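>>> What shape does this take:
(one chain, ligands or ions: 1)
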Amino acid sequence: MLRRRLPTVSANWQSSHWQHRMPLCVVAMPTTAPGSRHSGSFKPPTSARVARIRARLREVYGIPRMAPHGDPLAELVLTVLSQSTNDRNRDVAYAALRQRFSSWKDVRDAPVAQVELAIRPGGISKVKSARIQAILRAISADPREPQRALSLDWMRCAPIAESRAYLTALPGVGRKTAACVLLFAYGLRDVPVDTHVGRVGHRLGLLPHRASSDQLHDAMLALTPPGAELEFHVNLLRHGRRTCHARTPDCAHCALARMCPARRLSA
Ligand code: SF4
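Coordinates of the predicted model:
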């Protein structure tokens, strides 16, 4: 069971659906392993190959299970805070933000210096505070539920393409952040391609090199069987953190070595 508890916040917040959260997703373009391919002739993996990799990852890491928490706006802010920092600092910054302000409206309308001060433990707080406020203002200016201007709850039942387009039109929000919101808040069909998922995906030949974030997310969605979105994301991320490290992948002890083109070429 995947269990990641967020910091406790004061009880006067309107939303309480943010008790568990996925591991950190970091926005960055993936890196390559020694010996990995840099070819422009990428061939998408067959479904049989994807199934073999998925099964092997399951043997090592199990099948992650986590109920969607149902709070897309909290997920959106949390993902902004996760950029260029680690899980712990992200959580400290998030808890401090929610303890300092009693609602998202208060965060939106506060002097930016106050928001920056609250989230300072998360790093690059000047950029993040301005971005969070810009996002909250943009949502307020284009509400899909006029009676609840600061809400993304309408995404629960909206077509996913509409929700994704709305999210990626917000200031500084890309496909990875949108995928986090859709998958972790509502369990919708999207797969965040963070730096770990992208790196491992490249090395295993699942994802193309020299691709934009949009292309990587499209490719990841295309190869992921419906219902396996969370599992693929979490298990590839775990593999990237525990074994397939950015600079020194531990190929000698990797459970996927026999099916990894990067391993064969670097041996
Ligand atoms: S063999 Fe394993 S650790 Fe090495 S590059 Fe491939 S996936 Fe990463």
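>>> Doesn't I63 belong to a helix?
No: looking at I63 with DSSP: H, G, I helix; E, B strand; the rest coil, it is coil, so not inside a helix.
>>> what's it sitting at in phi/psi?
phi -110, psi 110 (degrees, to the nearest 10).
>>> which residues does the closest residue in space to it that isn't next to it in sequence contact?
Spatial nearest neighbour of I63, chain neighbours left out: E231 (5.7 Å); criterion: CB to CB, 6 or more residues apart in numbering. All C-beta spots, glycine's among them, are computed from the backbone N, C-alpha and C. Applying CB atoms under 8 Å, 6 or more residues apart in numbering, we find E231 in contact with R54, L57, R58, I63, P64.
>>> can you pull the buried residues of stretch 180-195?
Buried residues in stretch 180-195, counted by 16 or more other CB atoms under 10 Å: 180-188, 190-195.
>>> V112: neighbouring residues, count only.
V112 has 14 neighbours, counted by other CB atoms under 10 Å.
>>> Please write out the alpha-carbon positions of stretch 114-125 in PDB.
Extracted C-alpha coordinates of stretch 114-125, given in PDB (Å, rounded to 0.1, in the frame of the first residue of the first chain):
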ATOM      1  CA  GLN A 114       3.700  36.800   2.700                       C
ATOM      2  CA  VAL A 115       3.100  33.800   0.400                       C
ATOM      3  CA  GLU A 116       6.800  33.700  -0.400                       C
ATOM      4  CA  LEU A 117       7.700  33.800   3.300                       C
ATOM      5  CA  ALA A 118       5.300  30.900   4.100                       C
ATOM      6  CA  ILE A 119       6.700  28.600   1.400                       C
ATOM      7  CA  ARG A 120      10.300  29.600   1.700                       C
ATOM      8  CA  PRO A 121      11.400  26.100   3.000                       C
ATOM      9  CA  GLY A 122      10.400  24.700  -0.400                       C
ATOM     10  CA  GLY A 123      13.000  26.700  -2.300                       C
ATOM     11  CA  ILE A 124      12.800  29.200  -5.200                       C
ATOM     12  CA  SER A 125       9.900  30.700  -3.200                       C
END
